[in-house]
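Undergrad: what follows is a predicted structure for the sequence shown.
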Amino acid sequence: MKRIDERDTMFARMGYKKDSEQYKDYYKRNPHKKQIDDDLRALPNICGEGTATFHPLHSPFADAGFRFLSDIKKYVEGEVNDNKVEAPAQEMTKKIKKLSKYLGAKLVGIAKMKEYHFYSHRGRNPESYGEKVNEFHKYGIVFAVEMDRHMINRAPQCEEVIAVTKGYVDAAIIGMWISYYIRELGYRARNHMDGNYLVIAPLVAQEAGLGEIGRNGILITKEYGQRIRLGVVTTDIPLIVDQREDFGIKEFCKICNKCSKTCPGKAIPHGDMELIDGVMRWKINQEQCYGVWRRIGTDCGVCLSTCPFSQEVSLDLIDKMKNSEESMKRILKEYEEKHGIRPYIREPLDLLK
Ligand code: SF4
Ligand code: SF4
């Protein structure tokens with residue numbers, strides 16, 4: 001699989017200030033994206049005044065979380081203790097999983113890192129723009145934190161972006177503590193968190209068996225569906241890896257198609273998978289998706305709430321899915337009886353009253 005260049009991602013592109021070095025370099029190489037990106041940059045900011053969901057007291061709460069993340073993202077790497085502690089792989093794997101859960105992770109797995117899990121070049125920060133990513137740790141500790149169902153089912157209102165921000169903050173803090181801990185034991189470790197990733201977290205999570213990537217490009221876990229945020233710590237401490245698991249999501253997405261119907265940006269394909277960079281998959285239109293975020297003022301999340309697996313499907317039915325179309329149909333039927341086209345709660349949560 002071809003490695004992804006972080007410079008092409010929406011958040012990196014939106015960070016290129018007009019006439020900066022990054023701006024000139026990127027649009028010289030990608031002239032066809034210049035007008036599209038200039039138009040997107042001219043829209044109000046996410047959580048900003050002028051967006052459909054802007055609230056002068058609520059929107060800054062999410063903004064504050066992202067500002068905090070931006071302040072701490074420089075701490076993802078650090079000095080490694082010279083005194084190495086002997087750490088047998090089996091014991092360390094068990095310990096790291098238990099400690100991550102103690103810190104708030106709901107799911108934890110270990111991936112054997114492959115080159116395509118890493119970006120090819122960095123793009124998010126002007127000081128590292130264009131740097132090649134060529135230092136590969138051997139293992140990825142990947143964990144998922146849960147986002148509250150009642151918050152996500154209010155997508156695309158303000159509750160959604162608050163839940164997502166909380167997810168990023170929770171994941172960043174767990175990753176920080178675990179990476180500091182491993183360095184304290186004398187091994188290299190790096191936290192990958194919002195605004196400072198070298199890895200593509202959903203690919204690492206899929207490799208470690210936490211879930212499978214669905215039609216809308218987001219990881220689906222059996223336990224929480226898409227109501228999760230991911231964190232990754234890469235390291236060289238010896239660990240035992242988990243296996244990737246195919247539990248039938250691709251087949252399910254083929255007959256479900258719900259997210260492509262409810263997406264307000266028409267950004268999710270409704271047809272078959274395509275061969276993209278050597279892999280059969282669906283690819284969302286990231287410009288159309290991001291345009292919705294800038295107009296609505298949250299990161300939308302309608303597809304997260306639409307996905308049946310985000311609404312507590314019985315694990316027994318999910319485990320039978322791969323060999324039984326009957327189980328898939330039952331999941332869809334139960335969802336439709338309960339939620340119709342998708343769950344949507346208009347009434348604000350007590351938290352925001
Ligand atoms: S976040 Fe919203 S706009 Fe983006 S793909 Fe999901 S439903 Fe569509
Ligand atoms: S809503 Fe349906 S089609 Fe979309 S990701 Fe979830 S299971 Fe797949």
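TA: Arrived safely, thanks for sending. Ligands and ions are numbered 1, 2, ... in the order given.
Undergrad: could you report the neighbour count for residue 317?
TA: In terms of burial, residue 317 registers 15 neighbours under the definition other Cβ atoms under 10 Å. Heads up, the C-betas are built off the backbone N, CA and C, glycines and all.
Undergrad: need the three-state assignment for it.
TA: Three states are possible here, and by DSSP: H, G, I helix; E, B strand; the rest coil the one that applies to residue 317 is helix.
Undergrad: ramachandran angles for the closest residue to it other than its chain neighbours?
TA: Take residue 317 and drop its neighbours on the chain: the residue closest to it by Cβ to Cβ, 6 or more residues apart in numbering is residue 327, 5.0 Å away. Main-chain torsions, residue 327, degrees, to the nearest 10: phi -60, psi -40.
Undergrad: quick check: residues of the stretch 251-353 of the chain near ligand 2?
TA: In this structure, the stretch 251-353 of the chain approaches ligand 2 at residues 252, 253, 256, 257, 258, 259, 306, 307, 308, judged by Cβ under 6 Å from any ligand atom.
Undergrad: buried set for the helix or strand hosting residue 280?
TA: Secondary structure here is read from DSSP states H and E; on that basis residue 280 sits in strand 279-281. For strand 279-281, the buried set under the neighbour-count rule, 16 or more other Cβ atoms under 10 Å, comprises residue 281.
Undergrad: end to end, how far does stretch 195-212 reach?
TA: In terms of Cα to Cα, to the nearest Å, the two terminal residues of stretch 195-212 are separated by 23 Å.
Undergrad: what's the burial count for the residue nearest to residue 317?
TA: Residues lying near residue 327 (other Cβ under 10 Å) number 20.
Undergrad: all strands for this structure, in order.
TA: Using DSSP state E, the strands found in the chain span residues 107-112, 139-146, 189-192, 212-213, 219-220, 228-235, 274-276, 279-281.
Undergrad: could you redo these as TSV and give each row mean pLDDT?
TA: As requested, these are arranged in TSV below (pLDDT from 0 to 100):
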stretch	mean pLDDT
strand 107-112	98
strand 139-146	98
strand 189-192	98
strand 212-213	98
strand 219-220	98
strand 228-235	98
strand 274-276	93
strand 279-281	92
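Undergrad: residues from this structure in reach of ligand 2?
TA: For the chain, the residues in contact with ligand 2 (Cβ under 6 Å from any ligand atom) are 214, 215, 216, 252, 253, 256, 257, 258, 259, 306, 307, 308.
Undergrad: residues contacting the residue nearest to residue 317?
TA: If a contact means Cβ atoms under 8 Å, 6 or more residues apart in numbering, then residue 327 has 317, 318, 320, 321 as its contacts.
Undergrad: quick check: it vs ligand 2, distance?
TA: Using Cβ to the nearest ligand atom, to the nearest Å, one gets 13 Å for the distance from residue 327 to ligand 2.
Undergrad: likewise for residue 147?
TA: 15 Å.
Undergrad: just the pLDDT for that residue.
TA: Reported pLDDT at residue 147 in the predicted model: 98.
Undergrad: list the contacts of it.
TA: When contacts are taken as Cβ under 8 Å, 6+ apart, residue 147 is in contact with 163, 164, 166, 167, 224, 227, 228, 229, 304.
Undergrad: of those residues, which is the most crowded?
TA: So for these (other Cβ under 10 Å), the most neighbours sit at residue 227, 29 neighbours.
Undergrad: let me know the pLDDT of that one.
TA: On the pLDDT scale, residue 227 is placed at 98.
Undergrad: cool, residue 346 as well?
TA: Per-residue confidence at residue 346 stands at 89 (pLDDT).
Undergrad: next, count neighbours for it.
TA: Applying other Cβ under 10 Å, we find 6 residues neighbouring residue 346.
Undergrad: how about the contacts made by it?
TA: By Cβ under 8 Å, 6+ apart, residue 346 lies in contact with 154, 157.
Undergrad: many thanks, have a good one.
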